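Undergrad: Task: produce atomic coordinates for the following.
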Amino acid sequence: MPLSFEGAMSCYLIIRLMRPKIVVETGVSAGRASAFMLKALEDNNYGYLYSIDPDPNAGYAIPGVLKKRWFFIPKKSSEALPSLLERLDQVDMFLHDSLHTFENMMYEFKTVWPFITKMV
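TA: Numbers count the residues shown, from 1 in each chain. You can find the predicted model right below:
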């Protein structure tokens, strides 16, 4: 089930207020939440979104004008997260919206948590 309009708008508002430099999301689907986050990054004129989804066609609803701040990784989170996090070294915001099993959610949260920055 895709993130609701309210959920996507919440992501937009959080990014506008917190001004994160690095946002990582798992699970893209059509890309509604991704588009809202990218619009917030664009409105901030700051930051990048790294999205992970095994479907190479994910994100088809994201307007092309917003894709300059977007890095898409067509892999499962278990394959992509470790190397992405090592490369980025820190994450200011993380959105889990991929496979919603307990095992996958805990894997993602435990993997990302050491890289989350404390934003003031």
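Undergrad: Could you pull out the strands in this structure for me?
TA: Listed from the start of the chain, the chain has strands (DSSP state E) covering 22-26, 48-52, 70-73, 93-96.
Undergrad: Take these and lay them out in TSV including mean neighbour count and distance to residue 82.
TA: (Glycine included, C-beta is placed from N, CA and C.) Listed next are these as TSV, based on neighbours: other CB atoms under 10 Å; distance: least, CB to CB, whole Å:
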stretch	mean neighbour count	distance to residue 82
strand 22-26	24	12
strand 48-52	23	11
strand 70-73	18	12
strand 93-96	20	14
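Undergrad: As TSV, those strands with mean pLDDT would be great.
TA: Rendered in TSV, the data for these read as follows (pLDDT from 0 to 100):
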stretch	mean pLDDT
strand 22-26	97
strand 48-52	98
strand 70-73	98
strand 93-96	95
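Undergrad: got JSON lines for those strands, with distance to residue 11 too?
TA: Written out in JSON lines, the entries for the strands of the chain read as follows (distance: least, CB to CB, whole Å):
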{"stretch": "strand 22-26", "distance to residue 11": "9"}
{"stretch": "strand 48-52", "distance to residue 11": "10"}
{"stretch": "strand 70-73", "distance to residue 11": "14"}
{"stretch": "strand 93-96", "distance to residue 11": "7"}
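Undergrad: Quick one: end-to-end distance for stretch 25-37.
TA: Using CA to CA, to the nearest Å, the end-to-end distance of stretch 25-37 comes out at 10 Å.
Undergrad: Nearest to residue 6, out of the strands of the chain?
TA: Across the strands of the chain, the minimum distance to residue 6, taken as CB to CB, is reached by strand 93-96, at 14.4 Å.
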